[in-house]
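**Q** From the sequence below, what's the structure:
(one chain, ligands or ions: 2)
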Amino acid sequence: MTLALGCIADDYTGASDLANTLTRAGLRTVQTIGIPADDLALPEVDAVVVSLKSRSIEAGLAVSRSRAAEKWLRGRGASHVLFKICSTFDSTDAGNIGPVMDALRADCGEANVLVTPAFPETGRTVYQGNLFVGAVPLNESPLKDHPLNPMRDSNLVRVLARQSKTQIGLVDLATVTRGVEAVRERLAELAGEGIGAAIIDAVFDRDLETIGRVAAEHRLSVGASGIGLGLARALVSTGKVKSAVASSEAGAAVGGPAACLAGSCSQATLKQIASAEKIMPVLHLDPDRILTGADEAQRALDWARPRLAEGPVLIASSSTPDQVAALQARHGRDAAGHAIEQTMADIAEGLVKAGVRRLVVAGGETSGAVVDRLRIPGFLVGVEIAAGVPVLRAVGVEGDMLLALKSGNFGGPEFFSDALGLMR
Ligand SMILES: Nc1ncnc2c1ncn2[C@@H]1O[C@H](COP(=O)(O)OP(=O)(O)OP(=O)(O)O)[C@@H](O)[C@H]1O
Ligand SMILES: O=C(O)[C@@H](O)C(=O)CO
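**A** Ligands and ions are numbered 1, 2, ... in the order given. Down below sits the predicted model:
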């Protein structure tokens with residue numbers, strides 16, 4: 001297998017978002033969980049998205065895992081590697097976007113890396129280096145209250161400069177609008193000033209196509225699904241990849257009981273849970289009990305098992321920003337996040353033992369904990385449920401299983417019923 005594009009995603013939902021975008025743009029794509037074992041049977045593909053759970057771990061670990069993934073991808077022929085980050089640039093001043101970018105850049109000897117989290121289809125646009133989430137700057141969006149990476153500065157040149165050893169420049173929208181040659185010239189100018197990475201503005205998909213064409217001439221880029229779209233379109237339009245029609249095999253029906261798990265506390269997920277209450281039984285976990293050692297997973301499984309034969313159920317830990325802040329003040333941010341993720345993983349394991357073959361998970365960290373516990377090594381990409389969220393078919397596991405891993409902020413209010421409607 002010779003890869004046209006190698007991708008490293010810093011969380012599992014982000015990886016499936018990117019795999020979805022690449023598939024829809026005509027690249028045969030698989031999502032792997034970590035670096036695949038040699039004996040994992042992978043189909044012939046144009047792109048591999050290696051999913052890591054490296055967004056919120058210690059920066060040194062994120063660097064070493066990302067470098068190992070890059071080495072694996074380059075070893076399979078990928079001349080370009082995209083480091084997939086969140087479209088809301090989720091990170092802290094300690095990293096991990098800057099440190100990983102610096103390390104991958106040094107490894108591949110890239111003079112200048114293009115960086116953009118723009119993903120216009122989901123309302124993420126970048127102008128003058130400032131990230132907008134819908135109509136508001138990042139620091140005024142619900143991301144300011146994210147449980148793990150509160151985003152309080154919308155100027156990404158500043159944000160990335162605080163994390164990276166490289167000097168950070170800007171390629172503005174006026175330059176992008178002038179086209180590929182203008183972007184190339186601007187990058188050469190920045191490289192001449194010793195600037196090693198640049199935030200590049202993008203508001204429309206056509207901007208991402210320009211960016212993709214320039215990025216494809218380099219060895220490394222950093223961004224969300226939007227730059228993935230640009231790169232995929234560049235690979236198809238230059239004939240490096242023959243555009244493929246998405247295979248229907250990935251979404252074939254599996255039947256059996258279905259369940260949803262929500263660990264995301266985003267506003268979008270809170271609304272989706274409220275809508276789900278109208279059509280399926282919903283159990284709200286008690287996060288305080290989880291942190292004080294009570295067996296909430298057992299309580300949830302005792303509640304779910306007798307209901308599964310009747311239809312899907314939803315189990316949620318999600319709380320409002322005030323409740324999240326209060327819980328974190330009592331128990332610490334990392335301890336709270338970790339304990340709740342592990343409880344979600346316990347519940348997922350118990351549900352699968354009880355026969356669940358269709359599982360929807362909301363939240364990137366939550367999905368990471370669940371997929372790791374279920375020991376799923378990879379996914380084929382099926383139909384799109386909502387922008388950035390495909391149906392996934394597990395590969396390398398016994399029996400058939402469909403999952404949907406929803407990024408916290410993605411999907412409309414009816415997401416859970418939309419997903420279950422497509423996961424037969
Ligand atoms: N009630 C709660 N109080 C505090 N923390 C919680 C609560 N429920 C879940 N969490 C933690 O909050 C974090 C949510 O992160 P997660 O990545 O799953 O969702 P998200 O950030 O909304 O999604 P994404 O990363 O896809 O945007 C997890 O660590 C989870 O365990
Ligand atoms: O880019 C996004 O917003 C998502 O794919 C994601 O990474 C959320 O975890």
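**Q** Tell me how the chain divides into domains.
**A** 5-237, 248-422 (automatic domain parsing).
**Q** For those domains, give me CSV that also has mean pLDDT and mean neighbour count.
**A** (Glycine included, C-beta is placed from N, CA and C.) Shown next, in CSV, are the domains of the chain (pLDDT from 0 to 100; neighbours: other CB atoms under 10 Å):
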stretch, mean pLDDT, mean neighbour count
domain 5-237, 96, 21
domain 248-422, 96, 20
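**Q** for the ones you listed, which one sits closest to ligand 1?
**A** Closest to ligand 1 of those is domain 248-422 (CB to the nearest ligand atom; 2.1 Å).
**Q** give the contact list for residue 288.
**A** 327, 330 (CB atoms under 8 Å, 6 or more residues apart in numbering).
**Q** Helix, strand or coil: sort out it for me.
**A** Applying DSSP: H, G, I helix; E, B strand; the rest coil to residue 288 yields a three-state assignment of helix.
**Q** and the gap between it and residue 350?
**A** To residue 350, residue 288 is 21 Å away according to CB to CB, to the nearest Å.
**Q** ok so, going back, could you export the domains of the chain as CSV, including distance to ligand 1?
**A** Putting these into CSV (distance: least, CB to the nearest ligand atom, whole Å) gives the following:
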stretch, distance to ligand 1
domain 5-237, 4
domain 248-422, 2
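**Q** measure the closest residue to ligand 2 within the stretch 1-150 of the chain to residue 80 for me?
**A** Per CB to the nearest ligand atom, residue 14 is where the stretch 1-150 of the chain lies closest to ligand 2, at 2.6 Å. Distance of residue 14 to residue 80, computed by CB to CB: 18 Å.
**Q** Could you tell me the phi and psi values at the residue of the stretch 1-150 of the chain closest to ligand 2?
**A** The phi/psi pair for residue 14 (degrees, to the nearest 10) reads phi -60, psi -40.
**Q** And the biggest helix by length in the chain, what does it pack against?
**A** For the chain, the helix with the greatest residue count under DSSP state H is helix 333-353. If you count contacts as 3 or more CB pairs under 8 Å, 6 or more residues apart in numbering; DSSP states H and E, helix 333-353 packs onto strand 258-262, helix 287-291, helix 296-304, helix 321-331, strand 358-362, helix 364-373.
**Q** now do 10 Å
**A** Helix 333-353 sits against strand 258-262, helix 287-291, helix 296-304, strand 313-316, helix 321-331, strand 358-362, helix 364-373, with contacts defined as 3 or more CB pairs under 10 Å, 6 or more residues apart in numbering; DSSP states H and E.
**Q** and of these, who's closest to residue 46?
**A** Of all the helices and strands packed on helix 333-353, it is helix 364-373 that lies closest to residue 46, at 23.2 Å by CB to CB.
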